[in-house]
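Novice: how would this look folded up:
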Amino acid sequence: MMSLLKKRFLKTIAILVLGVVCLSATAGLLLNKFVTKDLLEQKIEESINAEISIGAVEVSLFALPAKVVISDVSLMPKGVSDPSMAELHISELSLSVGWLGLFQKHIDVTHIGVHEADIKITYYKDGSTSLGRLFESPDEDGKKNKQAEQIEGGADRGFNINDQGDFVTSLGGLSISDTRIDLVLEEMEMQLACEDLNIDLSAIQIDPNDLASSNQAELTARSLIRLYSLKGDHYGDLDMDGVARVDLFNVSTGKMEPEVDGAFSLSEVSWLSTKMPFVSRAWEQLSVLEKVGLGVGKAPERASFGRSKSIAAHYHLGRIDLLKALSIWVADWEIAMLGGGWLNTQTNQHKVKAELVASKKASALMASTIYKGLELLPKQIRSSVTNDVRENLMREDRLVVKIKSSGNFSDPKIRPDGKIVDISKASRGAAEDLLKEKAGSLLRGLLK
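Specialist: Residues are numbered from 1 along each chain as shown. So this is what the prediction gives:
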């Protein structure tokens, strides 16, 4: 009897296993038959304001996890059918999904891979982006579909994690490799060419009902970023490599608003052009040293990065806040942008305090020249003027000029931040004080 029950149990298990295999095979065949590039192109174009071209689609349900590979994806503005005009092209997009989790309302994405993408993005002066416009809802009867803008309460368009409260999404990892991004910032009149971009995002698990503790990920990134003006001037290269902490969503609203805290090292090949408005106008501020008898010549063509050779910053909604000082060497001078400064890439506004600090060797030579000039002053006023120079122009053994910059970053307003001693004016003032003192003494003597 027991033997018979055992055989029946094993037979039942075998039937169940065979059924799962058959269902999986059938699902695999159906998916391969119906999930075609033509169907994907049709469905995607029905939901966005762009043309899309897909080279091939490969679906594998038998792999664990299931895998979808989409090759040669091109996204173009409406009316453009030439993939060479694409604003986004991805050689290979792979998606690995644990599909069994869907029965439990759990999206288990074990990995997303983007390989050899070429992306062109323009940030317009009105705050919109060229890529964002491609993903807008398509036109209906020649008019823009306003349905998303007519949501009760005037809610903004876009993905909101709060609308996905029944799901918990696991992302095993995101990798972007060998990618290029051309980014045009209209308001800042700059173009950023990000070459050899490689990004890895660590595993995360997003629970819409508990974003406060399930919203963070670690990101590692490396890229060579070439900076240009929209007129074609090469403003420099930033060869960056570092780690950042990322909060993907706004915990209060549920909107996708990446917030990044990162520290990125700069390699020896990194440099900036002194034609860059902020650098050139900061250098011009050294003309104030003429007041103490010093002349600083023309700036060299290139500036290099000094001190730690790194950028520590916080990014959110287009605003970059410097968390630590960032220094640039121009000849014998270091332009140190102090922590606490900020730049908004969307509005082109900025506010930075900086110091122009001479090297020890240059400081020694310039200080010697200044003090030799002070020795020509009368003894009665020499001490007062020398103290002013030491207090306002020297820090230990370094010559320092403090500046502040604000307004449009592409056309910055830079001015001295603090007192600059004018030897000739200080000499006249000290002489007048001495004369008044002598005159007062003489007058008091006559009165006696």
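Novice: Downstream of the longest strand seen in the chain, the next helix or strand is which one?
Specialist: Criterion DSSP state E: the longest strand present in the chain is strand 106-123. Sequence order places helix 130-134 as the next helix or strand after strand 106-123, per DSSP states H and E.
Novice: quick one on the thing from earlier: chain center to the longest strand of the chain, what's the gap?
Specialist: 18 Å (Cα atoms, centre = their mean, to the nearest Å).
Novice: and that strand, what does it pack onto?
Specialist: strand 88-98, helix 130-134, strand 168-171, strand 174-185 (3 or more Cβ pairs under 8 Å, 6 or more residues apart in numbering; DSSP states H and E). C-beta here means a position set from N, CA and C on the backbone, and glycine is covered the same way.
Novice: could the ones you listed go into a markdown table alongside mean neighbour count?
Specialist: Compiled in a markdown table, these are given as follows (neighbours: other Cβ atoms under 10 Å):
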| stretch | mean neighbour count |
| --- | --- |
| strand 88-98 | 18 |
| helix 130-134 | 16 |
| strand 168-171 | 18 |
| strand 174-185 | 18 |
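Novice: ok, of the ones you listed, where does mean pLDDT dip lowest?
Specialist: Lowest mean pLDDT of the helices and strands packed on strand 106-123: strand 168-171, a mean of 65.
Novice: The longest strand of the chain to strand 174-185, inter-axis angle?
Specialist: Angle of strand 106-123 versus strand 174-185, following axes from the mean of the first three to the mean of the last three Cα atoms, to 10 degrees, is 20 degrees.
Novice: Quick check: buried residues in strand 106-123?
Specialist: 107-114, 117, 119-123 (16 or more other Cβ atoms under 10 Å).
Novice: before we move on, what about stretch 402-415?
Specialist: Going by 16+ other Cβ under 10 Å, stretch 402-415 has these buried residues: 402-405, 409-410, 412, 414.
Novice: Got the confidence number for Lys33?
Specialist: Residue-level pLDDT assigned to Lys33 equals 50.
Novice: and for stretch 326-342, what are the contacting residues?
Specialist: With contact meaning Cβ atoms under 8 Å, 6 or more residues apart in numbering, stretch 326-342 is reached by 272, 274, 279, 282-283, 286, 296, 299-300, 303-307, 311, 319-325, 350-359, 361-362.
Novice: Which ones among these lie within helices?
Specialist: 279, 282-283, 361-362 (DSSP state H).
Novice: hmm, which two among those residues are most spread apart?
Specialist: Val279 and Lys361 (21.8 Å; Cβ to Cβ).
Novice: These two - which one has more neighbours?
Specialist: Ranked by neighbour count (other Cβ atoms under 10 Å), Val279 and Lys361 place Val279 first, with 21 against 9.
Novice: Contacts only, for that one.
Specialist: Per Cβ under 8 Å, 6+ apart, neighbours of Val279: 272-273, 299, 303, 328, 330, 335.
Novice: hmm, try it at 7 Å
Specialist: 272, 303, 328, 330, 335 (Cβ atoms under 7 Å, 6 or more residues apart in numbering).
Novice: Could you do Ile112 as well?
Specialist: By Cβ under 7 Å, 6+ apart, the neighbours of Ile112 are 95, 174.
Novice: State the distance from it to Ile52.
Specialist: 18 Å (Cβ to Cβ, to the nearest Å).
Novice: Just give me the residue closest to the centre of this protein.
Specialist: Central residue of the chain (Cα atoms, centre = their mean): Tyr315, 6.2 Å from the mean position.
Novice: got the buried residues for stretch 65-74?
Specialist: So stretch 65-74, judged by 16+ other Cβ under 10 Å, has buried residues 65-68, 70-71, 73-74.
Novice: any chance of the residues you listed in CSV, with distance to Val59 too?
Specialist: Converted to CSV, these look like this (distance: Cβ to Cβ, whole Å):
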residue, distance to Val59
Pro65, 12
Ala66, 8
Lys67, 8
Val68, 5
Ile70, 10
Ser71, 12
Val73, 15
Ser74, 20
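Novice: Which of those scores worst on pLDDT?
Specialist: Pro65 (73).
Novice: Test my guess that that residue contacts Ser96.
Specialist: Yes: taking contacts as Cβ atoms under 7 Å, Pro65 lies within contact range of Ser96: 4.8 Å.
Novice: how distant is stretch 334-352 from the center of its chain?
Specialist: Using Cα atoms, centre = their mean, the offset of stretch 334-352 from its chain centre is 13 Å.
Novice: So what's the residue count around the closest residue to Gly242 other than its chain neighbours?
Specialist: Nearest in space to Gly242, with sequence neighbours left out and distances taken as Cβ to Cβ, 6 or more residues apart in numbering, is Phe264 at 3.3 Å. By other Cβ under 10 Å, 18 other residues sit near Phe264.
Novice: The one 5 residues further on too?
Specialist: The local packing of Val269 (other Cβ under 10 Å) involves 10 other residues.
Novice: Can you verify Glu58 is assigned to a helix?
Specialist: No: Glu58 is assigned strand when assessed by DSSP: H, G, I helix; E, B strand; the rest coil, not a helix.
Novice: contacting residues around the residue lying closest to it once chain neighbours are set aside?
Specialist: Nearest non-adjacent residue to Glu58, counting by Cβ to Cβ, 6+ apart: Val69, 4.5 Å away. Counting by Cβ under 7 Å, 6+ apart, Val69 makes contact with 58, 92, 94.
Novice: okay if I get those residues as TSV plus distance to Glu268?
Specialist: Compiled in TSV, the contacts of Val69 are given as follows (distance: Cβ to Cβ, whole Å):
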residue	distance to Glu268
Glu58	43
Glu92	33
Ser94	35
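Novice: Give the bridge partners for the residue nearest to Glu58, please.
Specialist: For Val69, the beta-bridge assignment (DSSP bridges) gives partners Glu58, Ser94.
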